[in-house]
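Novice: Sharing a model that was predicted from the sequence below.
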Amino acid sequence: MKQGVQDSAGTPAARVPPQQRPAGAEAPARERDATAPGAARGEHTHGERPAPGARAAVRRSSVRGQILDALRTALVTGELRPGEVYSAPALGERFGVSATPVRESMQQLALEGAVEVVPNRGFRVVRRGARELAELAEVRALLEVPVILRLARTVPAERWAALRPLAEESVRAAACGCPATYAEADRAFHRALLGLSGNEQLVRIAEDLHRRAQWPPVRHGRAGLVADAAEHLALLDALGAGDCDVVRGLVGEHFACAG
């Protein structure tokens, strides 16, 4: 698991609007400085102050995002083992951060169904059996296959060609044999493919289901990842040719193997 996640630099906070004051009253020196010509150009003014706690909030959000990504990677790689209970303080020590961003990230994973809260102990990684994975694959197929078939009949070939770099990136990611690297590339390809529908809600829901279905990995080892990635290229070829029968067979096989 990654060590020593660092706080990233926060962006300057938006200036807090001045409080109302009686008409004709002179503005305090700090407000006069903030509206001086130099301030308008973004130059430093000694009286300007960020909103209390704003930079800390930015740093905290950034750290939480890094921790969430690291925890998701640990789930996909199996470093966080199903059935095991992990405490936020212990994980925070391993990451080199406080328990707070770890706890907040774990709570997000609980919403995604990856872990469950164990009162006074921490979070248990959920055991996901074959039936649940098959159900996720079925729901993904019911959602995505009709959309992909519709796109096969309406999207011009050059639009499919634009997705080839993402498919090729998934092949390279599969070749490295790292489940976490491939999982990210796999989602990126499917996200771009469904994005051609123009339905943002569809893309969001499909990606959530996709992320849930990626752990524990169904296709073990580099050979399984490479086979999965090869289907991306084959699917693009069929979509570009407008061959709906081949598209239907490929996406059916793709989701069947995912379950």
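Specialist: Looks like it came in fine.

Novice: Using the three-state scheme, assign residue 136.
Specialist: Under DSSP: H, G, I helix; E, B strand; the rest coil, the three-state class of residue 136 is helix.

Novice: which one is it nearest to, not counting chain neighbours?
Specialist: Nearest residue to residue 136, sequence neighbours excluded (CB to CB, 6 or more residues apart in numbering): residue 213, at 4.3 Å. The C-beta positions use only the backbone N, C-alpha and C, and glycine is treated the same way.

Novice: What count of nearby residues applies to the one you found?
Specialist: By other CB atoms under 10 Å, the residues close to residue 213 number 22.

Novice: Next one: it from residue 73, what distance?
Specialist: 16 Å (CB to CB, to the nearest Å).

Novice: Would you map the helices across the stretch 1-150 of the chain?
Specialist: Assigned by DSSP state H, counting those that start in this stretch, the stretch 1-150 of the chain shows helices spanning 29-34, 37-40, 54-77, 88-95, 99-111, 130-154.

Novice: With distance to residue 207, mean neighbour count and mean pLDDT added, can I get these in JSON lines?
Specialist: Converted to JSON lines, the helices of the stretch 1-150 of the chain look like this (distance: least, CB to CB, whole Å; neighbours: other CB atoms under 10 Å; pLDDT from 0 to 100):
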{"stretch": "helix 29-34", "distance to residue 207": "42", "mean neighbour count": "14", "mean pLDDT": "41"}
{"stretch": "helix 37-40", "distance to residue 207": "42", "mean neighbour count": "11", "mean pLDDT": "40"}
{"stretch": "helix 54-77", "distance to residue 207": "12", "mean neighbour count": "19", "mean pLDDT": "77"}
{"stretch": "helix 88-95", "distance to residue 207": "25", "mean neighbour count": "18", "mean pLDDT": "94"}
{"stretch": "helix 99-111", "distance to residue 207": "14", "mean neighbour count": "19", "mean pLDDT": "94"}
{"stretch": "helix 130-154", "distance to residue 207": "10", "mean neighbour count": "16", "mean pLDDT": "93"}
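
Novice: Can I get these in TSV including distance to residue 228?
Specialist: Shown next, in TSV, are the helices of the stretch 1-150 of the chain (distance: least, CB to CB, whole Å):
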stretch	distance to residue 228
helix 29-34	56
helix 37-40	54
helix 54-77	14
helix 88-95	30
helix 99-111	24
helix 130-154	12
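
Novice: For residue 179, find the nearest of these.
Specialist: Proximity to residue 179 (CB to CB) singles out helix 54-77 among those, at 4.9 Å.

Novice: quick one: pLDDT of the nearest residue to residue 164 once chain neighbours are set aside?
Specialist: Nearest non-adjacent residue to residue 164, counting by CB to CB, 6+ apart: residue 236, 5.9 Å away. On pLDDT, residue 236 comes in at 96.

Novice: likewise the one 5 residues further on?
Specialist: Residue 241 carries a pLDDT value of 93.

Novice: list the contacts for the residue lying closest to it once chain neighbours are set aside?
Specialist: Leaving aside its sequence neighbours, residue 241 sits nearest to residue 157 (CB to CB, 6+ apart; 7.7 Å). By CB atoms under 8 Å, 6 or more residues apart in numbering, the contact set of residue 157 is 240-242.

Novice: Now render the residues you listed as a markdown table, adding neighbour count, secondary structure and distance to residue 167.
Specialist: Below are those laid out as a markdown table (neighbours: other CB atoms under 10 Å; DSSP: H, G, I helix; E, B strand; the rest coil; distance: CB to CB, whole Å):
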| residue | neighbour count | secondary structure | distance to residue 167 |
| --- | --- | --- | --- |
| 240 | 18 | helix | 11 |
| 241 | 13 | helix | 15 |
| 242 | 15 | coil | 17 |
